[in-house]
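*Asks:* A predicted structure for the sequence below; I have some questions about it.
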Amino acid sequence: MRLSIDHLTRYRFSQPQARIVQLLRLTPSDTDDQTIVSWRIDVDCDARLREGRDGFGNRTTMLYIDGPITGIEIAVAGEVLTGEVDGVVKGTLEPLPPALFARSTDLTRADAAIAAFAAAARGAPRAQLESLNTAFAKRFALSHARPDHGLTAAEAFARETATPRDMAQMFVAAARSLGLPARYVSGHCLTCEREAERPTTHGWAEAHVEGEGWIGFDPSFARPIDQTYVRVACGLDAAQAAPVAGSRLGAGREWLDVDVQVERMNGGEQ
Amino acid sequence: MEPRGLWGFDVTMGKRRAFDEIWGTGGRRRPRKELAELARWIEATPASELSRRQHAAEAAFRQLGITFAVYGDADAAERIIPFDIVPRVFLADEWARLSEGLVQRVEAINAFLDDVYGEARIVREGVLPPDLVFGNPQFRPEIAGMKPPHHVWAHICGIDLVRTGPDQFWVLEDNARTPSGVSYMLENREAMIRLCPELFRSFRVAPVDGYTDMLLQTMKSVAPPGAGSSPNCVVLTPGHYNSAYYEHSFLADNLGVELVEAADLVVDDDVVWMRTIAGRVKVDVIYRRVDDDFLDPLVFRPDSMLGVPGLIAAYAAGNVTIINAPGTGIADDKAIYSYMPEIVRFYSGEEAKLPIVRTWRCREPDALEYVLDHLDELVVKLVDGSGGYGMLVGPTASDEEIANFRAALVAEPHRYIAQPTLALSTVPTLGDKGVVPRHVDFRPFVLTGASGVQVVPGGLTRVALREGSLVVNSSQGGGTKDSFVLLGDEPEVRA
Amino acid sequence: MLSRTAWSLYWLGRYIERADFVARLVEATVRLDALSARPAGEAAWASALTVTDSEEAFAATGERLSQQFVARFLTLDATNPGSIVRCLDRARDNARAVRTALTREAWTSINRAWLIFNNRASPGGAAATLNLVEAVKAETRGFEGAIHRMMRNQASWFIRLGQAIERADNTARLIDVKYHLLLPEGERVGGAIDRDQWTTILQTVSAVTAYRWLYSEGLRPGDVIDLLLARAELPRSLAATTEEAVEILSALGKRTGLQGEADRMARMRQARMAKTRSSEVIKSGLHQYLQAFIDENALLDAAIARQFRFTH
């Protein structure tokens, strides 16, 4: 499937900022299941951009801007060819072994409630994961509200609705409590972003099953990952896979606006 | 200095005399023959004179402001670590053996760090259990795949040793993050030279004042390839509220480099700069005295405004060297410690020259069974605990404490290790009523640069000033001593 | 030199100078209130508060306008940002942050001054208060000496620059407040109260002896103003501080190669000052003149911060 992605991130500041440094995880990598046909990042002011990779193997762009600056607009546009997926992610750059992803973080620590919820999933690892993948969508109504970046999986679990970010973090916490390595994935998806009123970067999860590999799950929609998904970054939690980590030098408030459009293009059928 | 948990109690003290580094185990009449001269000095110098000199040293330290107190404390200007005037002495051959062991160990630590953040052969080949490394909070996935110049990770190590007999040295702990205390080593020596010059006439003591030159050379040797012939080095401090600020300013002063705080640094285009009155100046090497968590808010703690945004990107791009490299904490973790003999063997193909204290890993069923049966004799510690938190000292614990600990241990055995209590050596120390034996430990400083590992002939001896105490922590009444390393008999060859 | 270091040194200079000024102000006010033939009472303490721009802060404490409370407020009150203890605290804080740039002597004099205030709750009566401020003055004099004995390097220049800017501000404020207070309409100039009041001013800027040397006609407000405004021989006069700022900036310029806005402003101020006649200033409005001087001094402070990149 040939997908076009337009991802706009806009920051506005109440007072001019002297300097801005951002770590962007906005660029997908080629894998066996996705080929990047074209990809570009445009910034609407004088900026210095540097490509790199983080410890998880994600492609990163460092963005350096000198002020005074009252806003930035980061426009990402690209085309990706995706192939049929059997659920197992192949060909990703893996600088870290699966064992690493068995550890929890402050954002993804399973409390007793999550652990009990996870324990209800029975069977072989893959069956457990598949059952978890449908369980969260049944328990929580999907929210398209702006995700709260400080919310932990345990806090999210105490609520009634959950954003895709929280669904994925809860899934990750639950899978780890069953002893299965799991990670958070950020990226884009043809259908999910269309359904949202204010589309933003999507989040889902991958869990590792010995002998099979990393398997993608989207607990928000209770379905496996398929060719409508474009994988951008992964980490132990949502923060580590976040599209933007930023620091600014200056006082005042900031407003963030995100818009994502994923379209299916013609001529990409295999 | 960072707080460290109390070590343990010597259950055998009552029955057996601890090894004394001057008088051996034979009591005061027969000093070890190489140290007869020192024993004579101790006997011949009146306690009042020793005391006078000791006070003079402490007064000088106070004036210099060698304080460790928390800033804001009303006595901030007054609190210094007590200094003891009687030196501790290592014989030339003792030192030679020790330094061989230290070199071997620090080489292994660097090889280990290079491996676990890269291919992780040691895990793949089954020497270390994967979760011990990758599940360890001290393992920093954020910097996986990044390589410091010359594969040196832990440029400055402080290896804590204890001694139980003439040839029995044990590693108690590796400090591979930002070991402190080197300013005491240097200031103590200055004081001794001034106050006890006769000792330096009687003994050929290896000088320690080359340390800062060695350190500067080490820093420059690992500068990034693009740094040019005179790389710009700085010391990064959390600021003057930090309890070790004196040491940070001492080092910057003696190295002749700027002492910077995070706010003095900016990263632009993956290059680190410091802000000066004449504009930005490029920085090539950062000796940081801040924890990993506070290096870069974009990568580690997002809530930390103390760090330098973009620093890790500059490091990953190979534009700056960070000393010690981010992520070295995994090498001095307590659980990893118990595998050091295996780690040394894996990378060097040799047996470890410096033994570790016997350690039972409670994650292993046999070990757990033994520990549960011997709780009243062992020291049991949380693998990720520090400062004495989460620790059981069997010989001094009440029945209730033991029972509580037993429950915790059974519930989560993988979080604990256990070790025997040791009869730490003593060194003559000036007390209220003359010179008395007091227990000591020792922290030598080991530097690793592009051309290899160097051990400074000396270190920091910490002494438990209370009778019978094994607690050398400065926060709990511990003091420091100068540590003499004697030069060998053959005249030194000078180039 | 790191920008932060320069910034800390500059503020170290400013805070030490401010502590010293407040000490002298308290000393002079104690004399005026308690020791002169006709105690000036409340008015004296009210004007001390005006000079330090802290009437409102003091009013908020709800205390009475008397020596006991105002002297405590100006010396020991940790909640008053202009008190001596707070100034010394800030000075010491800045000194700690740049310890490697200071000599041991300079550091210990600050540390000792700071220690005077350790665990002290009240300045005590008039005599004890005088002893306290005398002790502060002794330490700041010691600091002054230590700075002058420091190598003539950038570090000492930045401290002295901070002192010069602070001193200009303090002297201008002192004249401004006292001039209005001391020339009430209808009162005969040259009376006993005036004598004491004017002596107070001269004491505050350590100018009693200088005045006697330079003016033979006895105490005359016009001459006192002339001394404080235009006579460069008096280190705390506006003319002297203006000159000093120019000299230090040009010394720094030679050392660092940095010359700019701050140099130009300081030189312009100096050129104007050279043409100033104090008698004309008094005629055309001393208050306006001093206000303009204080504003310009603040602009110079900001220009210095920009020129040496004190802030980002």
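*Replies:* Structure's in. What do you need? Since this is a predicted model, take the numbers as computed values, not measurements.
*Asks:* which residues touch the closest residue to C:I304 other than its chain neighbours?
*Replies:* Leaving aside its chain neighbours, C:I304 sits nearest to C:A262 (4.6 Å; criterion: C-beta to C-beta, 6 or more residues apart in numbering or on different chains). Just so you know, the C-beta spots here come from the backbone N, C-alpha and C atoms, and that holds for glycine as well. Going by C-beta atoms under 8 Å, 6 or more residues apart in numbering or on different chains, C:A262 touches C:249, C:300, C:303-304, C:306-307.
*Asks:* Looking at those residues, which is nearest C:G62?
*Replies:* Minimum distance to C:G62 across those is 37.3 Å, recorded for C:L300 (C-beta to C-beta).
*Asks:* counting contacts, what elements does the one helix or strand the closest one maps to pack onto?
*Replies:* Secondary structure here is read from DSSP states H and E; on that basis C:L300 sits in helix C:278-307. For helix C:278-307, the elements it packs on are helix C:154-182, helix C:221-230, helix C:238-256, helix C:261-275, judged by 3 or more C-beta pairs under 8 Å, 6 or more residues apart in numbering or on different chains; DSSP states H and E.
*Asks:* which of those helices is buried the deepest?
*Replies:* When neighbours are counted by mean count of other C-beta atoms under 10 Å in any protein chain shown, the highest per-stretch mean among the helices and strands packed on helix C:278-307 falls to helix C:154-182, a mean of 23.
*Asks:* for that helix, what is the average pLDDT?
*Replies:* Per-region confidence: helix C:154-182 scores 87 on mean pLDDT.
*Asks:* Tell me the pLDDT of C:M150.
*Replies:* At C:M150, the predicted lDDT confidence score is 79.
*Asks:* How about it: what's its closest non-neighbour residue?
*Replies:* Sequence neighbours aside, C:S156 is the residue nearest to C:M150 in space, at 4.4 Å (criterion: C-beta to C-beta, 6+ apart).
*Asks:* what helix or strand does whichever residue of chain A sits closest to chain C sit in?
*Replies:* With C-beta to the nearest C-beta, the shortest gap between chain A and chain C falls at A:A18, namely 4.8 Å. Assignment of secondary structure by DSSP H and E places A:A18 within strand A:2-27.
*Asks:* Buried ones in that strand, by neighbour count?
*Replies:* Neighbour counts over strand A:2-27 (16 or more other C-beta atoms under 10 Å in any protein chain shown) mark A:2-5, A:7, A:9, A:11, A:13, A:17-27 as buried.
*Asks:* Stretch B:282-295 now?
*Replies:* For stretch B:282-295, the neighbour count (16+ other C-beta under 10 Å) marks B:283-292, B:294-295 as buried.
*Asks:* Give me the most central residue, chain B.
*Replies:* Note on chain B: the residue nearest the mean C-alpha position is B:G158, at 3.0 Å, using C-alpha atoms, centre = their mean.
*Asks:* out of the buried residues of stretch B:282-295, who's nearest B:K381?
*Replies:* Here the nearest of those to B:K381, counting by C-beta to C-beta, is B:D291; it sits at 20.8 Å.
*Asks:* From B:L172, how far out is that closest one?
*Replies:* In this view, B:D291 and B:L172 are 21 Å apart by C-beta to C-beta, to the nearest Å.
*Asks:* What of C:R267?
*Replies:* As it turns out, when the distance is counted by C-beta to C-beta, C:R267 lies 65 Å from B:L172.
*Asks:* ok, for A:T163, nearest residue in space, not its chain neighbours?
*Replies:* Across the structure, with C-beta to C-beta, 6+ apart as the measure, the residue nearest A:T163 apart from its sequence neighbours is A:P147 (4.4 Å).
*Asks:* residues in contact with the one you found?
*Replies:* With contact taken as C-beta under 8 Å, 6+ apart, A:P147 is in contact with A:163-166, A:200, A:203, A:238.
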